[in-house]
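S.K.: I need the structure of the sequence given here:
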Amino acid sequence: MPFADVVASQNEPSELSPSGPYRTLKQAGLVLLCTAWIALGLFGHDPWKADDATSFGIAFDMLKSGDWIIPQLAGSALPERAPLFYALAAAAASAFQAVLPLHDAARIAIALCLGLTLWLLALTGRELYGPGFRWLPVLIFIGCIGLWDRSHQLSPDLGLLPAFALALYALALSQRRPALAGILLGGAAGVAFLFRGSLGPALIALTALLLPLFKPWRSTRYAGTLALAIVVAAPLIVAWPWALYLRDPVAFSQWFAAQDITRLFGLAPGAPESEPLYYARNLLWFAWPALPLGLWTLWLRSRGFNGGLGDAGVELPAVMSLVLFIVLSAAAEPRATLLLPLLLPLSLLAAAEVDTLKRGYSGALDWFGILTFGLLAALVWGLWIETLVNGLPEPVARIFHDTQPGYQPPEQTLAVLISVLLSLLWLALVRPARRSHRRAILNWAVGMTLVWGLYTTIWLPYLDSRRSYRPVAESLAIHLPSGSCVAGRNLGEPQRALLEYFIGLVTVPDDTPAAESCGALLVQVARDESAEPPDSAWQKAWEGRRRGDDTERFVLFVRNSAASR
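M.R.: Predicted coordinates for the structure are as follows:
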């Protein structure tokens, strides 16, 4: 593409930044799109394994105990976990429990985190690239495949999204308002620590310290920004560990031991080994379409177009992306949710040169999105109608690893109306019209929202029937012996949290002295593990599992003496 055509393409009218009488209406439409993306999937289902259940269990215990300093789960202290996200979920649950189930009310914390993230991302886009780029990074971000259900489950990793978005905005703002930037950057580091521990502020600090390698940040004004950031961040980072130490020195020691950097990178004895290629293998699909668009920006700028690589709008997101990717790749215990903050700088980098895409590239992305999401939506609708009429077909059940075909959804008028409305809006948007680079990004974001909406409306009862532990817990409650504690073996954190929430059962670890006096033993076993009594002193009283799931079972044993009473 000749350079003249590249420049000309940037002067095309933008459908995301319209002028004239329709500006307000289109801006409202974009706000509505973001609101729908945030809200869909937050309500109407029980807590799901794993992070959703575990985080809600900790927030539930905070509400019960009133202890906001030491996180607890089903009676067990977890001082190694930073408390802010759980406290935010507990506060949301407390504020809205009169109008929503407690677990749905807790997820309002997710809406707050996501809404703040999108707002800060828009501010950063405007600061780096100008007013016409407020919406582009936001739309690229919500269109990323990796956000799918990970962005709508209670998890402290979601707390890192607004923290890193604030850090990006602060670092972008440091070129113009260094004092305010220092305050915001220090706040971002402190909040990241309170949400997720030491890794978050370490990554933010490393990004900030590497930026002076580039000219825009090589100044005494930026040094002042960093100094002010340290002053602001220090009390935020010190406050909770100090409160933890005053409350319980042993718990503080446990938290301090968990900060061992050698364990983080798999270097300590007994620590999990790192998998350096885990993120490299998964990044392309996880960060689609932000990653290929970001690579286009780097390739174009490397050829000297639009100021080349020596521009704050390229250097800032590129440095943060590299810092996050390299450090996380070296860390032990890789998890996809840790990649979520990486989508923020990649979305900014991707937005920088969307207007200079070759028409063939943007057209291919546009039609690929229309066909992909159109076919997926048609498949989801068709399968739902078939399931509604005849039950879930057996071949489909096998694909879903569902051992109980024949499921039929209940009547759900509101969910169907929402799904129909989303489908009609998508059809109206992608109708034949003037194509542009930005319209391809908008269509992709709307397509992702459509499919996500169908998944979390008409298919939500099916998903909840397979992922909820409520029926298991209620069935178990009938068989529990009265007046006796229950020992637990191999129970994971999500299961323990939900047993406490649904039926008020707090199990005693079976390897502790207190378990010896318990009249019942609840064991979680895998598909091929034995469900026989541990010895002759026990007899099986109950066995259960989630609907259609044979990967885990729960077996209740009672002591012969307890069963005879």
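S.K.: okay, now the unreliable bits of the protein?
M.R.: Low-confidence segments of the chain, defined by pLDDT under 70, are located at 1-22, 260-274, 431-435, 561-565.
S.K.: let me know the secondary structure of the residue most central in space within it.
M.R.: In the chain, the C-alpha closest to the average C-alpha coordinate belongs to residue 151, at a distance of 3.0 Å (C-alpha atoms, centre = their mean). Under DSSP: H, G, I helix; E, B strand; the rest coil, the three-state class of residue 151 is helix.
S.K.: and it, what does it touch?
M.R.: Contact partners of residue 151, counting by C-beta atoms under 8 Å, 6 or more residues apart in numbering, are 110, 114, 158, 161, 340. Using the backbone N, CA and C atoms, a C-beta is placed for each residue, glycine as well.
S.K.: again with residue 352
M.R.: By C-beta under 8 Å, 6+ apart, residue 352 lies in contact with 128-129, 133, 297, 301, 313-314, 317.
S.K.: farthest pair in these?
M.R.: For the contacts of residue 352, with distances taken as C-beta to C-beta, the pair at the greatest spread is 133 and 301 (15.3 Å).
S.K.: of those two, which one has the most company?
M.R.: When residue 133 is set against residue 301 and neighbours are counted by other C-beta atoms under 10 Å, the residue ahead is residue 133, at 25 against 22.
S.K.: skip the chain neighbours and tell me the closest residue to the more buried one.
M.R.: Once flanking residues are discounted, residue 133 sits nearest to residue 125: 4.4 Å by C-beta to C-beta, 6 or more residues apart in numbering.
S.K.: who's in contact with the host helix or strand of residue 557?
M.R.: For residue 557, the enclosing helix or strand under DSSP states H and E is strand 552-559. For strand 552-559, the surrounding residues in contact (C-beta under 8 Å, 6+ apart) are 472, 476, 479-481, 495, 519-527, 531, 533-534, 537-546.
S.K.: I'd assumed residue 452 was in contact with residue 36.
M.R.: No - counting by C-beta atoms under 8 Å, residue 36 does not reach residue 452; the two are 9.0 Å apart.
S.K.: need the overlap of contacts for these two.
M.R.: Common contacts of residue 36 and residue 452 (C-beta under 8 Å, 6+ apart): none found.
S.K.: follow-up on the earlier one: which ones among the contacts of strand 552-559 map onto strands?
M.R.: Residues from those lying in strands, with DSSP state E as the criterion: 520-526, 538-544.
S.K.: can I get those in TSV with distance to residue 414 and neighbour count?
M.R.: Formatted as TSV, these follow (distance: C-beta to C-beta, whole Å; neighbours: other C-beta atoms under 10 Å):
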residue	distance to residue 414	neighbour count
520	41	25
521	43	23
522	37	25
523	40	23
524	36	17
525	39	17
526	38	10
538	47	19
539	47	13
540	42	13
541	40	18
542	36	17
543	36	16
544	31	16
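S.K.: out of those residues, which comes closest to residue 387?
M.R.: Scanning the ones in strands among the contacts of strand 552-559 for proximity to residue 387, where the rule is C-beta to C-beta, the winner is residue 544, at 24.5 Å.
S.K.: so where does the residue nearest to residue 133 fall, helix or strand?
M.R.: Under DSSP H and E, the secondary-structure element containing residue 125 is helix 108-129.
S.K.: can you pull out the helices in the stretch 251-400 of the chain?
M.R.: Secondary structure of the stretch 251-400 of the chain (DSSP state H, counting those that start in this stretch): helices at 261-264, 278-286, 290-302, 312-330, 343-352, 359-390, 394-399.
S.K.: dump the ones you listed into JSON lines; add distance to residue 438 as well.
M.R.: Formatted as JSON lines, the entries for the helices of the stretch 251-400 of the chain read as follows, by distance: least, C-beta to C-beta, whole Å:
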{"stretch": "helix 261-264", "distance to residue 438": "40"}
{"stretch": "helix 278-286", "distance to residue 438": "23"}
{"stretch": "helix 290-302", "distance to residue 438": "12"}
{"stretch": "helix 312-330", "distance to residue 438": "17"}
{"stretch": "helix 343-352", "distance to residue 438": "10"}
{"stretch": "helix 359-390", "distance to residue 438": "9"}
{"stretch": "helix 394-399", "distance to residue 438": "36"}
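S.K.: tell me the most buried of these?
M.R.: When you average the neighbours per residue for each of the helices of the stretch 251-400 of the chain (mean count of other C-beta atoms under 10 Å), helix 343-352 leads with a mean of 29.
S.K.: then it to PDB, C-alphas only?
M.R.: Once non-C-alpha atoms are left out, helix 343-352 reads as follows in PDB (Å, rounded to 0.1, in the frame of the first residue of the first chain):
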ATOM      1  CA  LEU A 343      -4.800  -7.300  26.700                       C
ATOM      2  CA  LEU A 344      -4.900  -3.700  27.800                       C
ATOM      3  CA  PRO A 345      -1.500  -2.500  26.300                       C
ATOM      4  CA  LEU A 346      -2.100  -4.800  23.300                       C
ATOM      5  CA  SER A 347      -5.500  -3.200  22.600                       C
ATOM      6  CA  LEU A 348      -3.800   0.300  22.700                       C
ATOM      7  CA  LEU A 349      -1.100  -0.800  20.400                       C
ATOM      8  CA  ALA A 350      -3.600  -2.400  18.100                       C
ATOM      9  CA  ALA A 351      -5.700   0.800  17.900                       C
ATOM     10  CA  ALA A 352      -2.800   3.000  16.900                       C
END
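S.K.: give the buried residues for the host helix or strand of residue 206.
M.R.: Here residue 206 is covered by helix 199-210, with elements defined by DSSP H and E. Of all the residues in helix 199-210, those buried under the rule 16 or more other C-beta atoms under 10 Å are 199-205, 207-208.
S.K.: which of those lies closest to residue 324?
M.R.: Distance to residue 324, by C-beta to C-beta, is smallest for residue 203 among those, at 6.0 Å.
S.K.: what's the most distant pair in the buried residues of helix 199-210?
M.R.: Spatially, the most separated pair among the buried residues of helix 199-210 is 199 and 208, at 15.1 Å (C-beta to C-beta).
S.K.: in three-state terms, label residue 438 for me.
M.R.: On the basis of three-state DSSP, residue 438 is classed as helix.
S.K.: quick one: residue 496 and residue 74 touch, right?
M.R.: Yes - with the criterion set as C-beta under 8 Å, residue 496 and residue 74 qualify as a contacting pair; they are 4.1 Å apart.
S.K.: joint contacts of these two?
M.R.: Both residue 496 and residue 74 are in contact with 57, 506-507, where contact means C-beta under 8 Å, 6+ apart.
S.K.: out of those residues, which is most surrounded?
M.R.: Each of the shared contacts of residue 496 and residue 74 was scored by neighbour count (other C-beta under 10 Å); the top score is that of residue 57, with 28 neighbours.
S.K.: how near is it to residue 65?
M.R.: Applying C-beta to C-beta, to the nearest Å, one obtains 12 Å for the distance of residue 57 from residue 65.
S.K.: partner strands of the strand holding residue 557 and their direction?
M.R.: Using DSSP bridges, strand 552-559 pairs in its sheet with strand 520-526 (antiparallel), strand 538-544 (antiparallel).
S.K.: among those strands, which is nearest residue 500?
M.R.: strand 520-526 (12.4 Å).
S.K.: now do that closest one: distance to the chain's middle.
M.R.: How far strand 520-526 lies from its chain's middle: 30 Å, per C-alpha atoms, centre = their mean, to the nearest Å.
S.K.: what residues does that strand touch?
M.R.: 476, 480-481, 484-492, 495, 507, 510, 515, 531, 534, 538, 541, 551-559, 562.
S.K.: any quick ChimeraX command for the buried ones out of these?
M.R.: Burial among the contacts of strand 520-526 is assessed by 16+ other C-beta under 10 Å; the matching ChimeraX selection reads:
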select :476,480,481,485,486,487,488,489,491,495,507,510,515,538,541,552,553,554,555,556,557,558,559,562
